[in-house]
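Chemist: I'll drop the sequence and a predicted model, then ask my questions.
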Amino acid sequence: MKKALAIAKWEFMEKIKSKAMIISFFLTPLIILGFSILPSVFAEKDEATTQAIGIIDNTQNYFTSLSEKLSEYKLEKNQPRYVVINLFKQNEPIDSLKAEANRNVVKKKIEGYIFLSVNDKKEMLFEYRSLSVGNFNDYRRFEESFNKIRRVREFEKAHIDTALVSHLLNNVELNTVKIDEKGKESSADFKSQYFSSFIFIMILFMVIMISGGMLVRSLVEEKSNRLMEIIVSSCKPDDILKGKILGLSGLTLAQIVVWVLIGVAFAGQGMVMFASFQNLFLLFVYFILGFVLYTAIFVGVGSIVTTEQEAQQITSYLSMITISPLVIMIPAMQNPDSLLIRVFSYIPLTTSGVMILRLNAAPISTLEILATLAELVLSIYLVIKISSKIFRIGILSYGKMPSLAQLFVWLREKE
């Protein structure tokens, strides 16, 4: 074990001094935060300039009210968000009006135009026409403004008190409260739980992708420059395997500590989102066990590759399995006790990711937690045993990568 610890220390020091690792310490959390936060920021960000919006109101009933409603939306410094232009002309065919409006949109004289009409079935036709699908916020404002005006008019026709109706139409927000197995209550927000779970799985994915790829490439390099032969001459293959797993695990823990410190420093009050984690210790345990499992796989598989191209192919396939829980992320959080999600909870390669999702979504029975943890520990033990047999022969094999038949022969050989 002393030699394994010496190799672990050497592995840790060699990797932590590399430029790639130093960059990943600081660049990776920024990438994760960027992919997690920037899409929603850009989606909610509005254009900071006033837009010219045309209206063709074939009913001749809504232009004035809709124009006044849209004028309530403002930019910074109280500038109007929309300048509304009346494109309707009396005694002019609708097709001609729409053709002229289309030309103005193409020439970018207007951003787009709203078309209002009533079809043969007396149904209201409400369209927004522009060069692109447009801004979702614009759609929401146009739709809300028109529907408010239309509702008020319909209520007035029916001689219903519009003030009472407006009061009744104000939505009461639904607040969600999570109840744990002990009956304790805590506030719960699906959005914060979704993004916090997403970030946690992305961190696991990035750690495995970076560390596993680095490990496989280092094995290829050590084999190509014959350094591995020198190491094997003074250490047993099992000690080398254990040392590499321990060294890489220590490096991962150091990465996580640095990322947490960066997150606290930059996120500040935004770290409140992570208050949705009700089982942080268990999440960390699943995280570490999942990482060790994949590391053991990378060590075994990495010992049989002989070229950089083979290393990239294998690491990419294994890394994609890590991120597979994102495919079932929404179903897992909406219905964490469904049969499909439970099945994924007991597949070793997906156990960590799926259990992270489930623990963050709903209470999980102690028996199931113990069962999945035991399954992970057993899987790690078996993978290490298998990897050690492959590693013992693979680290000194050169040339063509062995076939599956050859690997089975290696596994059947006695130690």
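Modeler: Thanks, I have the structure now.
Chemist: Give the next helix or strand downstream of the helix or strand containing Asn147.
Modeler: Secondary structure assigned from DSSP states H and E places Asn147 in helix 136-157. Later in the chain than helix 136-157, the nearest helix or strand by DSSP H and E is helix 162-169.
Chemist: And the contacts of that following helix?
Modeler: Arg151, Val152, Phe155, Glu156 (C-beta atoms under 8 Å, 6 or more residues apart in numbering). Quick note: C-beta positions are derived from backbone N, CA and C, even for glycine.
Chemist: Out of these, who's the most crowded?
Modeler: Phe155 (17 neighbours; other C-beta atoms under 10 Å).
Chemist: before we move on, back to that, keeping just the C-alphas, turn the helix holding Asn147 into PDB.
Modeler: Provided in PDB are the C-alpha atoms of helix 136-157 (Å, rounded to 0.1, in the frame of the first residue of the first chain):
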ATOM      1  CA  PHE A 136     -41.000  35.600 -26.900                       C
ATOM      2  CA  ASN A 137     -41.400  38.600 -24.700                       C
ATOM      3  CA  ASP A 138     -42.900  40.500 -27.500                       C
ATOM      4  CA  TYR A 139     -45.400  37.700 -28.200                       C
ATOM      5  CA  ARG A 140     -46.400  37.600 -24.600                       C
ATOM      6  CA  ARG A 141     -46.900  41.300 -24.400                       C
ATOM      7  CA  PHE A 142     -49.000  41.400 -27.600                       C
ATOM      8  CA  GLU A 143     -51.100  38.500 -26.500                       C
ATOM      9  CA  GLU A 144     -51.700  39.700 -23.000                       C
ATOM     10  CA  SER A 145     -52.600  43.200 -24.200                       C
ATOM     11  CA  PHE A 146     -55.000  42.100 -26.800                       C
ATOM     12  CA  ASN A 147     -56.700  39.500 -24.600                       C
ATOM     13  CA  LYS A 148     -57.200  42.000 -21.800                       C
ATOM     14  CA  ILE A 149     -58.900  44.500 -24.200                       C
ATOM     15  CA  ARG A 150     -61.000  41.800 -25.700                       C
ATOM     16  CA  ARG A 151     -62.200  40.400 -22.300                       C
ATOM     17  CA  VAL A 152     -63.200  43.900 -21.100                       C
ATOM     18  CA  ARG A 153     -65.200  44.500 -24.200                       C
ATOM     19  CA  GLU A 154     -67.000  41.200 -24.000                       C
ATOM     20  CA  PHE A 155     -67.900  41.800 -20.300                       C
ATOM     21  CA  GLU A 156     -69.100  45.300 -21.100                       C
ATOM     22  CA  LYS A 157     -71.400  43.900 -23.800                       C
END
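Chemist: If I take it and helix 162-169, what angle do their directions form?
Modeler: 130 degrees (axes from the mean of the first three to the mean of the last three C-alpha atoms, to 10 degrees).
Chemist: Point out the other helices and strands that helix 136-157 packs with.
Modeler: Under the contact criterion of 3 or more C-beta pairs under 8 Å, 6 or more residues apart in numbering; DSSP states H and E, helix 136-157 touches helix 63-70, strand 112-118, strand 124-130, helix 162-169.
Chemist: same thing but 10 Å
Modeler: helix 19-44, strand 51-57, helix 63-70, strand 82-86, strand 112-118, strand 124-130, helix 162-169 (3 or more C-beta pairs under 10 Å, 6 or more residues apart in numbering; DSSP states H and E).
Chemist: ranges for the helices of the stretch 251-400 of the chain?
Modeler: For the stretch 251-400 of the chain, the helices defined by DSSP state H, counting those that start in this stretch occupy 280-302, 308-322, 329-334, 339-345, 348-361, 366-394.
Chemist: Buried deepest among these, which one?
Modeler: Greatest average neighbour count among these goes to helix 348-361 (a mean of 24), per mean count of other C-beta atoms under 10 Å.
Chemist: and that one, how far from the chain's centre?
Modeler: 14 Å (C-alpha atoms, centre = their mean, to the nearest Å).
Chemist: Tell me the confidence at the nearest residue to Asp161 once chain neighbours are set aside?
Modeler: Leaving aside its sequence neighbours, Asp161 sits nearest to Phe155 (C-beta to C-beta, 6 or more residues apart in numbering; 7.9 Å). Phe155 is assigned 83 on the pLDDT scale.
Chemist: distance of Phe155 from Met124?
Modeler: 16 Å (C-beta to C-beta, to the nearest Å).
Chemist: Let me see the mean pLDDT of the strand or helix carrying Ile210.
Modeler: Assessed by DSSP H and E, Ile210 sits inside helix 190-224. For helix 190-224, mean pLDDT is 69.
Chemist: Stretch 242-262 too?
Modeler: When pLDDT is averaged over stretch 242-262, the result is 75.
Chemist: Okay, buried residues for it please.
Modeler: 242-252, 255-256, 259, 262 (16 or more other C-beta atoms under 10 Å).
Chemist: hmm, back to that, so can I have JSON lines of the helices of the stretch 251-400 of the chain showing distance to Leu75 and mean pLDDT?
Modeler: Formatted as JSON lines, the helices of the stretch 251-400 of the chain follow (distance: least, C-beta to C-beta, whole Å; pLDDT from 0 to 100):
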{"stretch": "helix 280-302", "distance to Leu75": "42", "mean pLDDT": "81"}
{"stretch": "helix 308-322", "distance to Leu75": "44", "mean pLDDT": "72"}
{"stretch": "helix 329-334", "distance to Leu75": "35", "mean pLDDT": "73"}
{"stretch": "helix 339-345", "distance to Leu75": "45", "mean pLDDT": "85"}
{"stretch": "helix 348-361", "distance to Leu75": "38", "mean pLDDT": "82"}
{"stretch": "helix 366-394", "distance to Leu75": "52", "mean pLDDT": "84"}
